[in-house]
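Colleague: how would this look folded up:
(one chain, ligands or ions: 1)
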Amino acid sequence: MSSNRVTPTEAWQATASRAADCALFFDFDGVLSPITDDPEASQPVPEVLEALDALSRLVRRVAIVSARPVDFLRARFGTLSEVDLFGLYGLERSHGKGETVTEPAALPWVPVVEEVASEARTALGDKAYVEFKRLSVALHWRKTPEHAAEIESWAHAEAERRGLKVQLGRKVIELKPPVDRDKGFVISEAVLSVGCAWYFGDDVSDIKAFDALRARTAVEPGFLGVCVAVASSDETGQEVSDAADFTIESPVAVGTFLADAVKILQANAAS
Ligand SMILES: O=P(O)(O)OC[C@H]1O[C@H](O[C@H]2O[C@H](CO)[C@@H](O)[C@H](O)[C@H]2O)[C@H](O)[C@@H](O)[C@@H]1O
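Modeller: I've put the predicted structure just below:
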């Protein structure tokens, strides 16, 4: 684990003294779940599930903030009744066991995204894995890296033609509606009701969430914001680690890190 700003020990000590006012936000792929070749096969590390369950009873809020749909997240975290889910970069959300709420401005884009997914299958064939997510389509090249440039170029042209936005990720490019929602937006709103928040991310889209925590600290000096990168430097460069307070080496290590945090917070609650 490398550190360049607040250390993990300092951060958990500060969190323990105000746990009831703290929120913990987690990206999913590459943070709570190891990267797999098949996007449908991703599962959270078992130790992570246990720790999130315990943490949700020790802090004010635990939430997953992901590019995956809420239904996908619910299939993996549904047993954790106190964990909130933000899907599709915040276009979908569900609180606890509540229903999924979709951002109304995005709904007219469902048929457009559906058409783009269908066209991508025709135009790119086996060169890309096409993941249709209702309000977004992800074009993957993890198993076909030799076609990365062609996939990216097709996505940019299609986005331009359809008025969609693009988001690059780890061996993937996504096309999504031009609606003002991203992880930074989700975190900017969510931190207004807490005095302390952590965000764990591994990808370039997570840097916006880090920025939202830094922005909150700038206007509210008493606010504690902790940005944690999960290492992915071979795919996203040093960018995410450089933007974080410290870096954890893998999703498995995140499980251990959170299990240790549970012990610290439990000890503080008992004292
Ligand atoms: O916001 P996230 O939860 O991190 O979602 C980002 C993307 O994650 C998924 O793709 C990534 O993980 C896959 C499974 O490990 C991997 O095969 C792929 O190469 C990665 O890019 C997901 O499939 C995408 O839809 C998300 O945008």
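
Colleague: up against the ligand, what does the stretch 51-200 of the chain have?
Modeller: Contact residues, the stretch 51-200 of the chain versus the ligand (CB under 6 Å from any ligand atom): 66-68, 131, 138, 140, 142, 169-172, 174. Quick note: C-beta positions are derived from backbone N, CA and C, even for glycine.

Colleague: show me the helices in the stretch 1-150 of the chain, by range?
Modeller: 8-16, 46-56, 70-77, 110-124, 148-162 (DSSP state H, counting those that start in this stretch).

Colleague: in a markdown table: those, plus mean pLDDT.
Modeller: Converted to a markdown table, these look like this (pLDDT from 0 to 100):
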| stretch | mean pLDDT |
| --- | --- |
| helix 8-16 | 92 |
| helix 46-56 | 97 |
| helix 70-77 | 96 |
| helix 110-124 | 98 |
| helix 148-162 | 98 |
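
Colleague: reformat the residues of the stretch 51-200 of the chain next to the ligand as TSV; add pLDDT and neighbour count.
Modeller: Listed next are these as TSV, based on pLDDT from 0 to 100; neighbours: other CB atoms under 10 Å:
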residue	pLDDT	neighbour count
Ser66	97	26
Ala67	97	28
Arg68	98	27
Glu131	98	19
Ala138	98	23
His140	98	21
Arg142	97	17
Gly169	94	19
Arg170	94	17
Lys171	96	18
Val172	97	23
Glu174	98	23
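
Colleague: cross the residues you listed against strands and list the overlap.
Modeller: Using DSSP state E, the subset of these located in strands is 131, 138, 140, 169, 172, 174.

Colleague: which parts of stretch 209-227 are buried?
Modeller: Residues of stretch 209-227 classed as buried by neighbour count (16 or more other CB atoms under 10 Å): 209-213, 215-217, 223-227.

Colleague: let me fix that: stretch 177-188
Modeller: In stretch 177-188, counting by 16+ other CB under 10 Å, buried: 177, 179, 181-188.

Colleague: what about the nearest residue to Arg61 once chain neighbours are set aside, neighbour count?
Modeller: Once flanking residues are discounted, Arg61 sits nearest to Ala23: 4.1 Å by CB to CB, 6 or more residues apart in numbering. Neighbour count for Ala23, taken as other CB atoms under 10 Å: 20.

Colleague: what's the spacing between Ala23 and Glu50?
Modeller: 20 Å (CB to CB, to the nearest Å).

Colleague: what of Tyr89?
Modeller: Separation of Tyr89 from Glu50 (CB to CB): 27 Å.
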